[in-house]
Every structure is written in C-alpha cells, then in structure tokens.
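Student: Build me a model:
(2 chains)
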Amino acid sequence: MITALKNPANRAWLVLIVATAITWYLGEVGAAGTGAIVAMLLIAFVKGRLVILDFMELREAPKMWRILLEGWLILVSSLILLAYWISLK
Amino acid sequence: MTSVAAPPATRRLPGDLAIWFFILAEMLAFAVFFATYAFARAKNVEMFNLYQHTLDRNLGGLNTLLLITGSWFVVLAVQAAHRDDTPAISRNILLGWLCGAGFLIVKVIEYAEKFGAGISLSTNTFYMFYISLTFFHFMHVILGMVILTVLWFQSRQGMYGSHGANGLESGAAYWHMVDLLWIVLFPLVYVMR
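Tutor: Below you'll find the predicted structure:
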C-alpha cells in the first residue's frame, strides 16, 4: 500500500476518484449557487492539474508546455466562473 | 533506467512535439465550446437548470471514474515501457482500452434513454449543447481508442521499452487529454447550477 503510493500516478488516481465522488455528492445534495460553483470549479481545477502533471507527465517537461496546459485550465475555469457570476446577478 | 523524476537539467517533453500542438488545438476548441455553453446558460438560467435535472448524474459520474481509471492504466503502460516490463505495457494498454469501451457503452445507454424520450438537437438550447458537447467528446474517446489499439499491437511487437517510447507517450498524452476534457465537461454540464 505504502509502496504503491510512492508512484505519483497512483496517488493522482486516488485523489481523482475521491474528488469525482465529492462533485457527484454535491450534485446529489442539490448544491447550487456561488459557493457550490466555486467549490466544483476548484475541484475540477485540482483534478485537471493532476492529469496534466502526473498523467501527462508535464511536471518535468519544459516550462512552456506546463504553462500552456495549466494556463488553459485557468482560462476555462475563469470563463465559466465569469459566466456563472453574470447569471447570478 | 528508473521512473524517478529527472533533474531539471534534462527537462523533456514526453512524446512528439507535434502531438502537443494537436492537443493544444483540440483543447482550445473545447475551451470555446465550454465558454459558449456557460454564456448561453447565463442568458437562460432557469431553462438550463430545469433540463440539467433530467441528466443522469450517476452515469456521468461513472463515466468520469472510467476515464480517470483508463488514463491511469495508460500511465502505468508508459512507466512499464521505461523499465522494460514488456508484458505490462500491452496489459495496461488493454485495460485502458476496456475503460474507454465502458465509457462508450454507458454513454450509448444514456443517449438511448434521451433519444428514446424524443429528445433531439432541436428540442431546446440546453439539449442542443448537451448532445453536441458530449457527442464531440464521444468522438474523441473513439479516436483515443483507435490510437490505443495501434499502440497495443505495436507494444506486442516489442516496439516500446527503455530504448524508446515516443509513440506510446504521444498516444498516451492524447488519451489523457480526453480524460482532462471530461473532467471539466462533467461538472459543467451535469452538476453546476
């Protein structure tokens, strides 16, 4: 178990599964509004980052590619947040 | 050769440079799609919230787990290549492929239920987005599985190992992109309200 967790891909998989369960649960309890939206976007951001760094293995890649993909994640989350913020007004 | 992180001096991009430009282009297309959905929703919140309730969140969540696990198996295949564990390369590619197949089956069940209820692209704006976004992604899962099929045959022929795994890494990167896109799509279309 401990040996398995030394592999960053295994750790990422575990966190991704738990994070997916949290998002699903927020849907089950009918979470809505600013707090729920921010929480779900944060969870998606953390998940996306794990895929980029530990699955795509960009953690040790040239910085430009890390910035481009993580930048995409920031851009997409920001646009969604902006659209939801407008809808709440 | 171990899978321990390389020192910063030897920073390298896994796979071919070309695949990363392709991935970036695909991701930008999806970014436009995601933003268009979010802003269209802002103009019609009640309608989007109403019809979002008709989506099967359990199936959407199950599909997230399948893609994450499928991605994970393919990382294990790449790691196996780096340590020359040839049987583990093809085994993990196959397991990743099966997760993709599971995703497609779940999605077809979901579509059958929706189309069976008479829902189509022209039903309303929400379903137009739901069907086109998920179907566009669906096509990417299929392409990812075609790539995994090629990689599986190549790995069986011993093409990948510590001597080189560029092709495998390129295909793996594409497969992870499919996973990454769904990680944004699932909360956006199925859960956020």
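Student: per-residue pLDDT, the residue nearest to the spatial centre of chain B?
Tutor: Note on chain B: the residue nearest the mean C-alpha position is B:Val178, at 2.1 Å, using C-alpha atoms, centre = their mean. B:Val178 carries a pLDDT score of 98 in this model.
Student: how about the nearest residue to it, chain neighbours excluded?
Tutor: Residue nearest to B:Val178 in three dimensions, not counting chain neighbours: B:Gly144, with 4.6 Å by C-beta to C-beta, 6 or more residues apart in numbering or on different chains. Where C-beta positions appear, they are placed from N, C-alpha and C, glycine not excepted.
Student: Now that neighbour: which helix or strand?
Tutor: When elements are defined using DSSP states H and E, B:Gly144 is found to belong to helix B:125-156.
Student: hang on, the earlier thing: how far away is the residue nearest to B:Val178 from B:Tyr174?
Tutor: In this structure, B:Gly144 lies at 6 Å from B:Tyr174, with C-beta to C-beta, to the nearest Å as the measure.
Student: Let me see the contact set for B:Gly60.
Tutor: B:Gly60 sits next to B:Glu110, B:Phe186, B:Val189, B:Tyr190, B:Val191 when contact means C-beta atoms under 8 Å, 6 or more residues apart in numbering or on different chains.
Student: ok, so of those, who is nearest A:Asp54?
Tutor: Comparing the contacts of B:Gly60 against A:Asp54 with C-beta to C-beta places B:Phe186 closest, at 19.2 Å.
Student: right, and that closest one touches B:Asn58 too?
Tutor: No - with contact defined as C-beta atoms under 8 Å, B:Phe186 and B:Asn58 do not form a contacting pair (11.7 Å).
Student: Need the contacts of B:Gly60 in a markdown table (columns: pLDDT, secondary structure and neighbour count).
Tutor: As requested, the contacts of B:Gly60 are arranged in a markdown table below (pLDDT from 0 to 100; DSSP: H, G, I helix; E, B strand; the rest coil; neighbours: other C-beta atoms under 10 Å in any protein chain shown):
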| residue | pLDDT | secondary structure | neighbour count |
| --- | --- | --- | --- |
| B:Glu110 | 97 | helix | 19 |
| B:Phe186 | 98 | helix | 26 |
| B:Val189 | 98 | helix | 22 |
| B:Tyr190 | 97 | helix | 23 |
| B:Val191 | 97 | helix | 25 |
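Student: For these, give me CSV that also has distance to B:Arg11.
Tutor: Below are these laid out as CSV (distance: C-beta to C-beta, whole Å):
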residue, distance to B:Arg11
B:Glu110, 41
B:Phe186, 32
B:Val189, 36
B:Tyr190, 37
B:Val191, 36
